[in-house]
Structures are given as C-alpha cells and as structure tokens.
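Colleague: Sequence and predicted model, in that order:
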Amino acid sequence: MTTATREIPTPLPADSPVLAMRDELGMCNILLSALGGDGANMAAKLMFKVACTRWNLDGGYDARYGSEKKGTATDVSVRFCSVGTPVRQSGPTTNPHVLAVFHQSLIEPLQLWRGLRRGALCIVNSHHSPDVVRERMRLHSGTVVCVDATRIAAECGSRLNMPMAAVLCHQLGFPDHVFRNAIAKQWPNAAERNLGAFDRAIGEATRATFADDGRFAIEAGVVTRGPLGWRNMLNGGTIDALTHSTVGRDNRIAAGGRVPEFHAESCSNCGICLTVCSDPGGLLWREGRMTGIDDRFCKGCMRCVEACPETKKGHALTVPLGISE
C-alpha cells in the first residue's frame, strides 16, 4: 500500500516584488489589459494557480470579458497576499501595483496610466525603449519593462500570452523553472513553442526605473460603472440595463483603424458577410441592403473581405490601401 504525499508549497522570499508591493490590506494588485483572443485570461489563471499551490500565496481573481467576442478590450485582475491575510475584495482593481499591457495601442484610449500606484511596475508589449513607453504611460514613478511580445510569439509559433506571462512572472520574482514546468504540463502539444517564447521574452526584455521627477501626476483610477446592489435596483430586483450595460461602448481600439472599405456599387446584398462577421453590429443593413461599416463594432478581422463574392463590378468589401491581409 502506497501513501500519497502532498507537496508543501515553497514560500517566496520576503523581498520578492509580489510581496514587497502591497496595499493597506496586504494585497499586491495586478492588472492585465488585453484584447479578446490574446489568452490573457488563460495565462493569468495558470499564474494564479501556480502561485497559490506552489509558492504559498493567497489572493483573488477576476476576469472581465466584455462582449466575449474576439477583439474586444478585456482585462484580468489578480490579487496576491500572504497566506493568512483576510481576502475580502473581489472584482477588478482600479489601483494596480503591476500593469501588463498586451497592446501598446490600448494605453491612450483606455487611459491605462490612471490609477497606477507610486512606484508601479509596467510591462508593455512594445518594440520601443522604456523611456519612450514611459512617456506614453505618463508614469509618475516606477519601472517600465518592454518586450516585443508580438514578434517573439510570431517567430516562435506561440501566442501573445506566453512572452507576456513570462516577463510578468519573472519580474514578480516567481521562479522561472516552476512556471515553465506548469506551461509544459498545461499545453504539452505546444510545449516547445511556448517555452521557446518564454525564454526569449525573459532574455530580450529591456527595463528602466524612473524616479518621481515631477513630470507626471498620479491620477485616480477610472470607474466604469456605479455600484450595483439592493439600494439602487429597480422594482422586482431587475437591473437597469441603460446604466449597467455595454451600450454605447466604443470598440474602435479593437480594430486599431483596420476596417474594411465598402463599395456600394459592387454589393449584391447577398448577406454572406453576415454569416462570418464576429460582431454583426459592424455591418450596417437597412431594409435588406447593406449600407456601410460601423467602426465602433468592427474588430478588423477581415473575414467579411475574404467571404465577399466578386460581382461584375468587383468586390463590395476590400482591405484598405496600406493594410495587408
């Protein structure tokens, strides 16, 4: 008869960044800002699982999916604390100690500098230097780490979440070999590609620390919606959809200017584009005829361009000049 033994978690050093950066409640607040399809949620879940089972940490986890369509701006909030610390918070964090930006184009439209704490750690997918990114981040003080995660993921045949997660965990002081083993176990068929991206990201990342030089102020975090509870619910417990919904949200940041061109004279109104669109709200139809593109909803995937049949006058949907498919 064999007796199973439970592996005892290994405590992290007290000076590990994830333990050194804590708020008044003993929490290290981490925010990952990405687009749907980047894999930020999956990578953060794996990081949270490994941290709580292997490194003797506790905390909380929250993921926002938006409309749950690929290309929509999403974020993941992770809180870490020492075991024994009361965990009484849930939901997203608006005052992160650590910020991981999966696309530098998200910085301005989402105002990601708002809510950053003094001495924050910012990890940004960018080919620019930390000095340039610090300007875009309007960082009051702290550290900027830049890694060209898009290029690394493409060259390694991996996904964007691998190089970003690698740099994030490394900068938080988590042992690299433990997270590498977890990645190989989680995705065995893609282990070589993922680990290649992991190692390259850590080796190629550039880092710079900036003191408070008076150039940028600390700004309060963005509150996207008011409190929702029994005090402000409608009769019968229904939710006021006009207040607590995504109506009016502008998703232009998802396409990043990559929106198909519509040529009405070539359109046969066949409707094939509707069958492949990831968000049909991007295709404008009136009385059975297509009238244009609404770039507030278009994610720029170009599936409609691929599916659009050619008529005698050409294709109704085409890729704009200067943008490759």
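Modeller: Done, it's in.
Colleague: hmm, which helix or strand of this protein has the shakiest average pLDDT?
Modeller: Sorted by mean pLDDT, DSSP states H and E, the helices and strands of the chain end with helix 252-255, the least confident at a mean of 68.
Colleague: by contact count, what packs against the next helix or strand after that one?
Modeller: As assigned by DSSP states H and E, the chain's next helix or strand after helix 252-255 is strand 261-262. Secondary-structure packing of strand 261-262 (3 or more Cβ pairs under 8 Å, 6 or more residues apart in numbering; DSSP states H and E): strand 289-293, strand 317-318. The C-beta positions use only the backbone N, C-alpha and C, and glycine is treated the same way.
Colleague: Buried deepest among those strands, which one?
Modeller: By mean neighbour count, with neighbours taken as mean count of other Cβ atoms under 10 Å, strand 317-318 ranks first of these at a mean of 20.
Colleague: distance between that one and the chain's centre?
Modeller: Chain-centre distance of strand 317-318: 29 Å, with Cα atoms, centre = their mean, to the nearest Å.
Colleague: model confidence over it, on average?
Modeller: Mean pLDDT, computed over strand 317-318, is 94.
Colleague: Parallel or antiparallel, list what pairs with that strand.
Modeller: strand 261-262 (antiparallel) (DSSP bridges).
Colleague: Run through who's touching the strand it pairs with.
Modeller: 290, 292-293, 316-320 (Cβ atoms under 8 Å, 6 or more residues apart in numbering).
Colleague: all helices for the stretch 51-200 of the chain, in order.
Modeller: Read by DSSP state H, counting those that start in this stretch, the stretch 51-200 of the chain holds these helices, from start to end of the chain: 107-110, 130-137, 149-156, 161-171, 176-186, 191-204.
Colleague: who touches Ala20 in this structure?
Modeller: Ala14.
Colleague: Could you measure from it over to Pro309?
Modeller: Relative to Pro309, Ala20 is positioned 59 Å away (Cβ to Cβ, to the nearest Å).
Colleague: give me the beta-bridge partners of the residue positioned nearest the centre of the chain?
Modeller: The centroid of the chain falls nearest to Ala34 when counting by Cα atoms, centre = their mean (1.8 Å). Note on Ala34: beta-bridge partners by DSSP bridges are Thr74.
Colleague: So what pairs up with the nearest residue to Cys52 once chain neighbours are set aside in the strands?
Modeller: Nearest residue to Cys52, sequence neighbours excluded (Cβ to Cβ, 6 or more residues apart in numbering): Asp58, at 6.3 Å. Under DSSP bridges, the beta-bridge partners of Asp58 are Cys81.
Colleague: Neighbours of Asp58, how many?
Modeller: Close neighbours of Asp58, defined as other Cβ atoms under 10 Å, add up to 17.
Colleague: Hmm, Gly314 is touching Ala264, no?
Modeller: No: using Cβ atoms under 8 Å, Gly314 is not in contact with Ala264; the gap is 11.6 Å.
Colleague: Could you report the separation of the residue nearest to His128 when sequence neighbours are not counted from Asn125?
Modeller: Sequence neighbours aside, Cys146 is the residue nearest to His128 in space, at 6.3 Å (criterion: Cβ to Cβ, 6+ apart). Distance from Cys146 to Asn125, counting by Cβ to Cβ: 8 Å.
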